[in-house]
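Asker: quick check, what structure comes out for this input:
(one chain, ligands or ions: 1)
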Amino acid sequence: MPDQPPMNIFAPKLDHLETNKAAGSPSILLRQLPRPVERPFGGSALEPVFMLQRTIGNRATLRYLTQRLSDSPAATLGELSHVLERTGPLMHVPTLIYPGLLQRDDKAADAKKKEDPKVEAAKKKLKDKFGIKEFTQEEGVSWTESQLEKLTTAFSKMSPEEQKRLQGVTLHRTKQIAAPPDVKVPKGGKIVGEASSFDFMQFTAEGFAQSVVLHEAGHIIRASGLLEISKSKSFRDVEAAGKTIGRVIGPRAMIADMNAVENAGLTYLASTDDDRDANAQKLEDVLDSSLAFQAGPEILSASNAKVLLEAYDRLQKWVDAVKLLANAQARGINEFKALVKTNKLNRKGFRPFTDYVALNWPAKPGEFFAECYSTWRNNRAYMQAHAGTLFDWFEKGGHLEGVPPSKPQP
Ligand SMILES: [Zn+2]
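Answerer: Residues are numbered from 1 along each chain as shown. The predicted structure follows:
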């Protein structure tokens, strides 16, 4: 029924439309309208994302998505400025940063060393065994053989399924790591490791304790879960919905609203375990306010209305698909939070609930998750004895979107 406007959520407005038969076809309308943009929706972000997904693979796609969302708000607004009239600064910029464990003893940094063949060999081993992409360092520090061996030892405690998620990761040696503004650091503590996005980890000289390395690995495992989920039906739904979004054009003000929804949707997709709930709420809010166009003057033209209804119907479908995917992504952390609640694990005395974790709980559940993962991999007996159901959850792969991990290979 190509001539019929969609009949679902916009039914009340269609009643209004039925009294006005002047609607032109969308293609005619396209020519009548001023042309503020070639591709009002999707052209700026979605299509490149999915095209990249098809051509260069999921990890690169995620990198693209991450980079796009990490663009400065100014740059993003510049890119969209030709359609932005009544939309304010709309880009939430996700940090995608997981600050690392805190360590209280502040040993002197390793003495500067010229890289020797043993260091080279240790790096090569990490690349060969775990698919580490590269090693980088801040000026004035360098990797030592001992640090690299500690990484190898820690990564070897992970199951093959978990190790797969280390592939393509860059490891960086740095002097110090500043706490992101939304992270609380206990007095006397400092950040010695950090995982960013799904493929970057950095450590200071004090960051090579097994517990720290595995904590950061825990972040990487959760963040790269989207790669696994991207093989799922949910991901194909987003792709299919995204392909149809860009083909309808409406008045300029409406386009700004749609761009706001699109940005909120992409931000939601790029959520971490720590900001997913907040991003979901923002998407709901932006979607609600975009649907307020019913009351605007644009609807008075039936031809505009028809096009808008079609566009918003597609927008709604896209948002639904985004939610499906994000929900799949969120499942692991939601199960984790439920287990914490049921078993009252967020208490002093349970070792993974450190001062640092406590300070950032419940705002940053990813910190407690990473610490529990690290403890489970480092000290199974403790976890089994003190958090049996959480132990079982890890054992059956709850943290891997339900894929049971096989035993780590010695
Ligand atoms: Zn952390």
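Asker: distance of residue 170 relative to residue 123?
Answerer: Going from residue 170 to residue 123 by Cβ to Cβ, to the nearest Å gives 12 Å. Just so you know, the C-beta spots here come from the backbone N, C-alpha and C atoms, and that holds for glycine as well.
Asker: mind checking which of the two has more residues around it?
Answerer: residue 123 (19 against 14; other Cβ atoms under 10 Å).
Asker: what sits in contact with each of residue 170 and residue 123?
Answerer: Shared contacts of residue 170 and residue 123 (Cβ atoms under 8 Å, 6 or more residues apart in numbering): 132, 135.
Asker: what about stretch 344-357, average pLDDT?
Answerer: When pLDDT is averaged along stretch 344-357, the result is 96.
Asker: cool, stretch 278-288 as well?
Answerer: Mean predicted confidence for stretch 278-288 is 92.
Asker: I'd like the numbering to begin with 25 instead of 1 from here.
Answerer: Sure, I'll start counting at 25 from here, so that last one is stretch 302-312.
Asker: what are the buried residues along it?
Answerer: 303-304, 306-307, 310-311 (16 or more other Cβ atoms under 10 Å).
Asker: same check on stretch 202-214?
Answerer: For stretch 202-214, by 16+ other Cβ under 10 Å, it's 203, 207-209, 213-214.
Asker: repeat for stretch 212-232
Answerer: For stretch 212-232, the neighbour count (16+ other Cβ under 10 Å) marks 213-232 as buried.
Asker: and that stretch, average pLDDT?
Answerer: Stretch 212-232 comes out at a mean pLDDT of 92.
Asker: that one close to the ion?
Answerer: No. Using Cβ under 5 Å from the ion, stretch 212-232 never reaches the ion; the gap is at least 6.9 Å.
Asker: so which bits of the stretch 325-434 of the chain are right by the ion?
Answerer: Within the stretch 325-434 of the chain, the positions near the ion by Cβ under 5 Å from the ion are 391, 394.
Asker: any weak-confidence spans in the stretch 325-434 of the chain?
Answerer: Where the stretch 325-434 of the chain drops to pLDDT under 70, the residues are 325-329, 426, 433-434.
Asker: so which residues of it form strands?
Answerer: Assigned strands in the stretch 325-434 of the chain: none (criterion: DSSP state E, counting those that start in this stretch).
Asker: what do you get for the chain?
Answerer: Applying DSSP state E to the chain gives strands spanning 121-123, 158-161, 194-197, 217-220, 224-227.
Asker: other SSEs contacting the second one?
Answerer: The one in question is strand 158-161. Strand 158-161 is packed against strand 194-197, with contacts defined by 3 or more Cβ pairs under 8 Å, 6 or more residues apart in numbering; DSSP states H and E.
Asker: so where's the stretch 75-224 of the chain shaky on pLDDT?
Answerer: For the stretch 75-224 of the chain, the stretches with pLDDT under 70 are 75-139.
Asker: can you map out the helices along it?
Answerer: 82-94, 97-104, 141-154, 169-180, 184-187 (DSSP state H, counting those that start in this stretch).
Asker: residue 189 reaches residue 244, doesn't it?
Answerer: Yes. The criterion here is Cβ atoms under 8 Å, and residue 189 meets it with residue 244 at 5.8 Å.
Asker: mind listing the shared neighbours of those two?
Answerer: Shared contacts of residue 189 and residue 244 (Cβ under 8 Å, 6+ apart): residue 222.
Asker: and residue 258, how far from residue 293?
Answerer: 11 Å.
Asker: please say which of those two ends up with more neighbours.
Answerer: Comparing residue 258 with residue 293 by other Cβ under 10 Å, the one with more neighbours is residue 293, at 23 against 19.
Asker: next up, the contacts around that one.
Answerer: So residue 293 contacts 89, 250, 262, 346, 349-350 (Cβ under 8 Å, 6+ apart).
Asker: now residue 373: how far from the ion?
Answerer: Distance from residue 373 to the ion, counting by Cβ to the ion, to the nearest Å: 21 Å.
Asker: same deal with residue 263?
Answerer: Per Cβ to the ion, residue 263 is found 31 Å from the ion.
Asker: repeat that for residue 314.
Answerer: Distance, residue 314 to the ion, by Cβ to the ion: 35 Å.
Asker: residue 307 now?
Answerer: Relative to the ion, and taking Cβ to the ion, residue 307 is found at 25 Å.
Asker: ok, and the closest non-adjacent residue to that residue?
Answerer: Using Cβ to Cβ, 6 or more residues apart in numbering and skipping the chain neighbours, the partner closest in space to residue 307 is residue 288 (4.3 Å).
Asker: residue 360 too?
Answerer: Leaving aside its sequence neighbours, residue 360 sits nearest to residue 393 (Cβ to Cβ, 6+ apart; 5.2 Å).
Asker: unless I'm mixing things up, that neighbour is touching residue 357, no?
Answerer: Yes. In terms of Cβ under 8 Å, residue 393 counts as a neighbour of residue 357; the distance is 6.3 Å.
Asker: shared neighbours of these two, anything?
Answerer: 246, 297.
Asker: who has more neighbours, these two?
Answerer: Per other Cβ under 10 Å, whichever of residue 393 and residue 357 has more neighbours is residue 393, with 26 against 22.
Asker: contacts only, for the more buried one.
Answerer: 242, 246, 297, 357, 360, 423.
Asker: if we go to 10 Å?
Answerer: Residue 393 makes contact with 122, 239, 242-243, 245-246, 297-298, 356-357, 360-361, 364, 376, 381, 423, according to Cβ atoms under 10 Å, 6 or more residues apart in numbering.
Asker: residue 197 is in contact with residue 218, correct?
Answerer: No. Assessed by Cβ atoms under 10 Å, residue 218 is found out of contact with residue 197, at 12.0 Å.
Asker: now for these two: what residues contact both?
Answerer: Shared contacts of residue 218 and residue 197, counting by Cβ under 10 Å, 6+ apart, come down to 226-228, 231.
Asker: would you turn those into JSON lines with distance to residue 412?
Answerer: Below are those laid out as JSON lines (distance: Cβ to Cβ, whole Å):
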{"residue": "226", "distance to residue 412": "34"}
{"residue": "227", "distance to residue 412": "32"}
{"residue": "228", "distance to residue 412": "35"}
{"residue": "231", "distance to residue 412": "30"}
